[in-house]
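[1] quick one, what's the 3D model for this:
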Amino acid sequence: MSIFEAMMLVCFGLSWPMNILKSWRTRSAVGKSLAFLLIIEVGYICGMLNKMLVKFDWVFFLYVLNFCMVGTDTILYFRNRRLDRLRAQGAEV
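    Here you go, the predicted structure:
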């Protein structure tokens with residue numbers, strides 16, 4: 001187990017709830033990058049696979065938690081993109 005790996009995941013993990021809240025409140029996908037979110041997800045998947053295949057420890061659960069938070073933000077991205085399109089068409093959202 002690497003304490004520094006765990007600290008990195010905790011620091012990243014602290015930023016995702018703020019990002020999710022911003023996505024929820026703004027109801028807009030402007031400034032968001034789907035490619036960025038998916039690359040982060042792939043990175044977390046690689047971290048989880050490493051923990052499962054090389055040396056499993058409790059840090060695995062930090063990867064899972066972060067993966068779920070980025071997944072939530074990705075879902076909000078699609079909702080917000082749809083809302084952006086509706087606003088562009090002049091529909092009241």
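
[2] the bottom helix or strand of this structure by mean pLDDT?
    Averaged element by element with mean pLDDT, DSSP states H and E, the chain has its least confident helix or strand at helix 3-26 (a mean of 95).

[3] just after that helix, pick out the following helix or strand.
    Scanning forward in sequence from helix 3-26, with DSSP states H and E defining helices and strands, the next element found is helix 34-53.

[4] what angle do that following helix and helix 3-26 make?
    For helix 34-53 and helix 3-26, the angle between their directions (axes from the mean of the first three to the mean of the last three Cα atoms, to 10 degrees) works out to 150 degrees.

[5] which neighbouring elements make contact with the helix or strand following helix 34-53?
    Using DSSP H and E, the next helix or strand after helix 34-53 towards the C-terminus is helix 59-88. Secondary-structure packing of helix 59-88 (3 or more Cβ pairs under 8 Å, 6 or more residues apart in numbering; DSSP states H and E): helix 3-26, helix 34-53. All C-beta spots, glycine's among them, are computed from the backbone N, C-alpha and C.

[6] residue contacts, the most centrally placed residue in the chain?
    Central residue of the chain (Cα atoms, centre = their mean): residue 70, 1.3 Å from the mean position. Taking Cβ atoms under 8 Å, 6 or more residues apart in numbering as the criterion, residue 70 is in contact with 16, 37, 40, 41, 44.

[7] okay, the helices and strands packed on helix 59-88 in CSV with distance to residue 59 and mean neighbour count next?
    CSV is the format used below for these (distance: least, Cβ to Cβ, whole Å; neighbours: other Cβ atoms under 10 Å):
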stretch, distance to residue 59, mean neighbour count
helix 3-26, 5, 13
helix 34-53, 6, 14
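
[8] present these as TSV; the columns should include distance to residue 85.
    Written out in TSV, the entries for those read as follows (distance: least, Cβ to Cβ, whole Å):
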stretch	distance to residue 85
helix 3-26	15
helix 34-53	14
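
[9] wait, which of these is closest to residue 80?
    Closest to residue 80 of the helices and strands packed on helix 59-88, according to Cβ to Cβ: helix 3-26, at 6.2 Å.
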